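1. Any chance you can model this:
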Amino acid sequence: MTQREIFFVANEVNELGGVGRWQEQMARLLAGRGHRVTIIGIAPPEVPMDLGENPRFETLTLYDRRPPGRRRPRVPLGRFDPAVRRQEADMRRAAERLSRAFRAAGPGAVIIVTQVWAMEWVVLADTAGHPVIGMSHESFEASRRSSRFERVLRYYKDVDRLLLLTQEDADGWVGAGLNNVGFLPNPLPVTPGAPSPRTEKAVVSIGRLSHAKGVDLLLDVWAEAAPRQPGWILRIYGAGDYEAELRQRCTELGLDGSVEWAGQTDDVIGALRRASVFVQSSRGEGFPLVLLEAMACGVPCAAFDCSPGVREIVRDGEDGLLARHGNTTELARLLVRLMSDENLRDTMGERARENVQRFAPDVITRRWEELFDFLER
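-> As a prediction, this is how the structure comes out:
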């Protein structure tokens, strides 16, 4: 195995969230296999994630505070607009720090740009001939509905490989005109020693209390499901700006007696071991790590079929159940099906624990190393 110098270039080094968790895990896995790894962030995180003591990789952040978005030139000044020129000069100074790091790396180095905003600095840098891998951690449809769609087309069109999380998402970008596209799923974040006993009458949700995570939809789901299975509780882990609004909605629906607001947790596995069912009600996802974690804990999942990543993880009817995107009545029915049938929970939970091993860290890390070798040829 060739030992390489690997750079992750991201919006932030350690922002709390799915991309930050994935980045920290991949850096740790690759460093554990003898590679020299550096994570470079453009700006400091808004909500930092603890990287632990003495991580096995280096970190660097280009700015002391988050820089503003790109300015639009004022008509009729165009590219001669002084404000735009000052911003471009500032970005080039920051990009020169990237150039110095890339030039100092030896043969075989690889640059992985995990988010398209960070790519705006990488395109200004001297990549010193090293392969550049761009990434998008959201579904193709989510990108297409956002401002990131045009930026992915613009900034990733010339990278050596653009990686998506599923074949279906990769096919979407091929259809949009990119010819450098592949896919690699996220690795299983943890391999718990023991599964959930699935004995507590608890349905668990874990995620930010945000519009995207659809906790408002989950409360509507629970309002239909809870009366049909008395004695069960919905335990919601997470924090966010929508918390007060969601709690008020919970009260209005008469659910205070069966909903537990558990707050943000650093012990996801501990939370899942107290669950008999996991539910995800997101409006959109990329390749949700918490679904992988729930399955690794032997907890059967019921979720909205909101993205190719969810369909890739959960095999509907085999190791979990999927409802049509946004159909709260259907998701409530699936929850009741799992809550009411202990044998079904146990069967699906054990299958989930087995099936999720196709995303085992060693499997995914080897696929990354095979890609590095291919791009070096």
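2. quick one: Gln3 and Val37 touch, right?
-> No: if you go by CB atoms under 8 Å, Gln3 and Val37 don't touch, sitting 10.9 Å apart. All C-beta atoms are positioned from the backbone trio N, CA, C, and that covers glycine.
3. Give me the more crowded residue out of those two.
-> The neighbour count for Gln3 versus Val37, taken as other CB atoms under 10 Å, is higher for Val37 (23 against 11).
4. three-state assignment of the more buried one?
-> At Val37, secondary structure determined by DSSP: H, G, I helix; E, B strand; the rest coil is strand.
5. so what's the closest residue to it other than its chain neighbours up against?
-> Nearest non-adjacent residue to Val37, counting by CB to CB, 6 or more residues apart in numbering: Phe57, 3.9 Å away. Counting by CB atoms under 8 Å, 6 or more residues apart in numbering, Phe57 makes contact with Ala27, Arg28, Ala31, Val37, Thr38, Ile39.
6. Ramachandran coordinates for Phe57?
-> Backbone torsions of Phe57, given as degrees, to the nearest 10, read phi -140, psi 160.
7. got it, and the one 4 residues further on?
-> Backbone geometry at Thr61, expressed as degrees, to the nearest 10, gives phi -120, psi 130.
8. what's around it, how many residues?
-> Counted with other CB under 10 Å, the neighbours of Thr61 add up to 17.
9. Quickly list what the nearest residue to it once chain neighbours are set aside is bridged to.
-> Closest residue to Thr61 apart from its sequence neighbours, by CB to CB, 6+ apart: Gly41 at 4.5 Å. Taking DSSP bridges, one obtains Ala10, Thr61 as the residues bridged to Gly41.
10. what are the ranges of the strands in the stretch 51-200 of the chain?
-> In the stretch 51-200 of the chain, the segments counted as strands under DSSP state E, counting those that start in this stretch are 58-61, 110-113, 132-135, 161-164, 181-183.
11. Of those strands, which is nearest Ser282?
-> Nearest to Ser282 among the strands of the stretch 51-200 of the chain is strand 161-164 (17.9 Å), distances taken as CB to CB.
12. all helices of the stretch 201-350 of the chain, in order?
-> 215-225, 243-252, 268-273, 289-296, 308-313, 328-340, 342-355 (DSSP state H, counting those that start in this stretch).
13. Quick one, which of the ones you listed gets closest to Gly20.
-> Each of the helices of the stretch 201-350 of the chain has some distance to Gly20 by CB to CB; the shortest is helix 289-296, at 10.5 Å.
14. packing partners for the closest one?
-> Helices and strands touching helix 289-296, by 3 or more CB pairs under 8 Å, 6 or more residues apart in numbering; DSSP states H and E, are helix 18-32, helix 268-273, strand 277-280, strand 301-304, helix 308-313, helix 342-355.
15. how does it look with 7 Å?
-> helix 18-32, helix 268-273, strand 301-304, helix 308-313, helix 342-355 (3 or more CB pairs under 7 Å, 6 or more residues apart in numbering; DSSP states H and E).
16. Using PDB, write down the CA coordinates of it.
-> Listed next in PDB are the C-alpha coordinates belonging to helix 289-296 (Å, rounded to 0.1, in the frame of the first residue of the first chain):
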ATOM      1  CA  LEU A 289     -24.900   8.600   9.300                       C
ATOM      2  CA  VAL A 290     -27.500   8.200  12.100                       C
ATOM      3  CA  LEU A 291     -29.400   5.600  10.000                       C
ATOM      4  CA  LEU A 292     -26.200   3.600   9.700                       C
ATOM      5  CA  GLU A 293     -25.600   3.900  13.500                       C
ATOM      6  CA  ALA A 294     -29.200   2.800  14.300                       C
ATOM      7  CA  MET A 295     -28.900  -0.200  12.100                       C
ATOM      8  CA  ALA A 296     -25.500  -1.100  13.600                       C
END
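17. relative to helix 342-355, how tilted is it?
-> Relative orientation of helix 289-296 versus helix 342-355 (axes from the mean of the first three to the mean of the last three CA atoms, to 10 degrees): 110 degrees.
18. Pull the distance from helix 289-296 to the chain's centre.
-> Averaging C-alpha positions (CA atoms, centre = their mean, to the nearest Å) puts helix 289-296 12 Å from its chain's average.
19. Repeat that for stretch 336-349.
-> On the basis of CA atoms, centre = their mean, stretch 336-349 is displaced by 28 Å from the centre of the chain it belongs to.
20. That stretch: which residues count as buried?
-> The neighbour-count check on stretch 336-349 (16 or more other CB atoms under 10 Å) flags Val336, Leu338, Met339, Arg345, Met348, Gly349 as buried.
21. my guess is the third one contacts Ala275, does it?
-> No: here Met339 lies out of contact with Ala275, judged by CB atoms under 7 Å, at a distance of 11.5 Å.
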